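Asker: give me a model of this one.
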Amino acid sequence: MNEKGEDGRDKAWKYTKKVDGERYFSCIFCDQKCSGTISRLKHHLAGTPGGMKACNKVPTNVKKELQLQLKVFKDDKNKRNMLLREIGAGIGGGSNESPVVEECGSNRSSVSQPKTIGPLDKFVTSEPRQTTMNEAYKKELRKDVCRRIGRFIFSKVLPFNVVNDPFWLPMVEGIASYGVGFKPPSMHELRTWILKEEVEDMDTYLLVHQKAWKQYGCSIMSDGWTDGKSRVLINFLVNSPAGTWFLKSVDASGSIKNGALMFKYLDDVVREVGEENVVQIVTDNASNYKNAGTRLMEKRKNLWWTPCAAHCIDLMLEDISKITVYDQTIKSAKQVVKFIYGHSWVLSLMREFTSNKEIIRPAITRFATFFLTLQSIYKQKQPLQMMFNSKQWCEGPFVKSHEAIQCVC
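Answerer: You can find the predicted model right below:
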């Protein structure tokens, strides 16, 4: 199957469109941008792993065409590798020496002679292949690079899962493909042209979301929270089949309880997104939001105000926790948790008996945390009883303390 067109270019280029003034091209079906080679786009259209998310709008015939191209390319590559092995076997004459690296053209190009294969090889056992000097050098070199990366992560107190970030691997691969002599971006470059181009990319990505808002409709979600400076902030997000888009954040410290101002915030967001695109607005079930949502539905007849399900469940759990039997149980559990986590020696002893399992279960909402912690204490009931009856506890410094006696009894 010929992958080249009449002009000598890969036929897959016909499924791309060039973005004027930019260094990348995009898929004509879903507008997904690609700054790599045409091979990445082939995997994108074929729906196979290759560094890009699969296209969800590609026609079936195009998808099959690209899958066939990739299969043919893979088969040809396997044939070439097999031919190289056969050539190596003919030249080597059955030698069992380690591969030799030969310089070809420049100091960056090298060809490794393939391992020789003879007709009697399957009837004999060869000596274990020794690690070449090049492999040992590469192993030590990788170790040194990993140490340098780790040193940077540790010095900046970055979480270990930063390496799971989707932009981590492309960054490392980009540096590796550049080769020796790569000059990293300076602080000035990061805050000028690099930041500017990323903002432009985000603006382009926003167009994809806005297209989905118009095509499918969207939901506006508000998320209120309090920061370390006691400011009440409200994040506004837009959700659609294209994903969730952070729109903006407002400081509502002086207006969070004012229904009229909350209505203004929501109305402004609807106007920004486009009333014709909005299906519903999701907020907390507090009275101020309820008032604002009612007024919004009166003004804009084609959208709905919907209370947040998580907030409604939290209010239900709050009402349940006010029932006497549950209220007393929660208070007792909080007292036990406060005592254990307030003393490092007791906490260490607890982890010894629970096999390092915690009894605090943080959740998104406060009252959900209470009930999940109750569940966790119940699951660890036997280990906790064993701890308070153990020799370590009876000989420990807290056995006669008033706080401990209240917890145990």
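
Asker: so where's the stretch 1-150 of the chain uncertain?
Answerer: Residue ranges of the stretch 1-150 of the chain with pLDDT under 70: 1-9, 20-23, 36, 50-51, 79-133.

Asker: if you set the cut-off to 50 instead, what comes out?
Answerer: The stretch 1-150 of the chain contains residues with pLDDT under 50 at 87-114, 116, 119-120, 122-123.

Asker: in it, which spans are helices?
Answerer: With DSSP state H, counting those that start in this stretch as the criterion, the stretch 1-150 of the chain has helices at 38-46, 60-92, 133-155.

Asker: between these, which gets nearest to Glu275?
Answerer: helix 38-46 (34.6 Å; C-beta to C-beta). Yep, even glycine has a C-beta here, placed from its N, CA and C like the rest.

Asker: show me the contact partners of the closest one.
Answerer: Under the contact criterion C-beta atoms under 8 Å, 6 or more residues apart in numbering, helix 38-46 has outside partners 10, 12-13, 15-16, 25, 27, 29, 32, 34, 49-55, 58, 62-63, 66-67, 69-70.

Asker: swap in 6 Å and give it another go.
Answerer: Asp10, Ala12, Cys34, Gly50, Gly51, Met52, Cys55, Val58, Leu66, Gln67, Leu70 (C-beta atoms under 6 Å, 6 or more residues apart in numbering).

Asker: and what of stretch 164-181?
Answerer: Phe182.

Asker: what kind of secondary structure is Val348 in?
Answerer: Residue 348: Ser, not Val. Per DSSP: H, G, I helix; E, B strand; the rest coil, the local secondary structure of Ser348 is helix.

Asker: count the neighbours of it for me.
Answerer: 10 (other C-beta atoms under 10 Å).

Asker: and Lys33, by the same measure?
Answerer: 15.

Asker: okay, and Arg351 sits in which element?
Answerer: In this structure, Arg351 is located in helix 344-353 according to DSSP states H and E.

Asker: and the next helix or strand past that helix?
Answerer: Per DSSP H and E, the first helix or strand lying C-terminal to helix 344-353 is helix 366-379.

Asker: and the following helix or strand past that next one, what does it pack against?
Answerer: Note on helix 366-379: by DSSP H and E, the next helix or strand toward the C-terminus is helix 381-388. Counting contacts by 3 or more C-beta pairs under 6 Å, 6 or more residues apart in numbering; DSSP states H and E, helix 381-388 packs against helix 344-353.

Asker: returning to what we had before: mind telling me the two of the contacts of helix 38-46 farthest from one another?
Answerer: Cys34 and Gln67 (17.9 Å).

Asker: do you know how far Cys146 is from Asn164?
Answerer: 16 Å (C-beta to C-beta, to the nearest Å).

Asker: equivalent analysis for Arg147, please.
Answerer: Separation of Arg147 from Asn164 (C-beta to C-beta): 20 Å.

Asker: could you do Pro185 as well?
Answerer: Pro185 is 23 Å from Asn164, where distance means C-beta to C-beta.

Asker: kindly report the same for Asn134.
Answerer: When distance is defined by C-beta to C-beta, Asn134 is 31 Å away from Asn164.

Asker: do Arg300 as well
Answerer: From Arg300 to Asn164 the distance is 41 Å (C-beta to C-beta).

Asker: between these two, which one's more packed in?
Answerer: Each of Arg300 and Asn164 has its neighbours counted (other C-beta under 10 Å); Arg300 has more, 17 against 9.

Asker: count of residues packed around the closest residue to the more buried one other than its chain neighbours?
Answerer: In this structure, Arg300 finds its nearest non-sequential neighbour in Glu275, 5.5 Å apart by C-beta to C-beta, 6 or more residues apart in numbering. A count of nearby residues for Glu275, using other C-beta under 10 Å, gives 13.

Asker: now do Gly47
Answerer: Applying other C-beta under 10 Å, I find that Gly47 has 15 neighbouring residues.

Asker: could you report the distance from it to Val273?
Answerer: Applying C-beta to C-beta to Gly47 and Val273 gives a distance of 31 Å.

Asker: how about Asp201?
Answerer: In this view, Asp201 and Val273 are 21 Å apart by C-beta to C-beta.

Asker: could you do Leu374 as well?
Answerer: 41 Å.

Asker: quick one, helices of the stretch 201-350 of the chain?
Answerer: Going by DSSP H, counting those that start in this stretch, the stretch 201-350 of the chain shows helices at 259-273, 287-299, 309-321, 324-341, 344-353.

Asker: no further questions, thank you.
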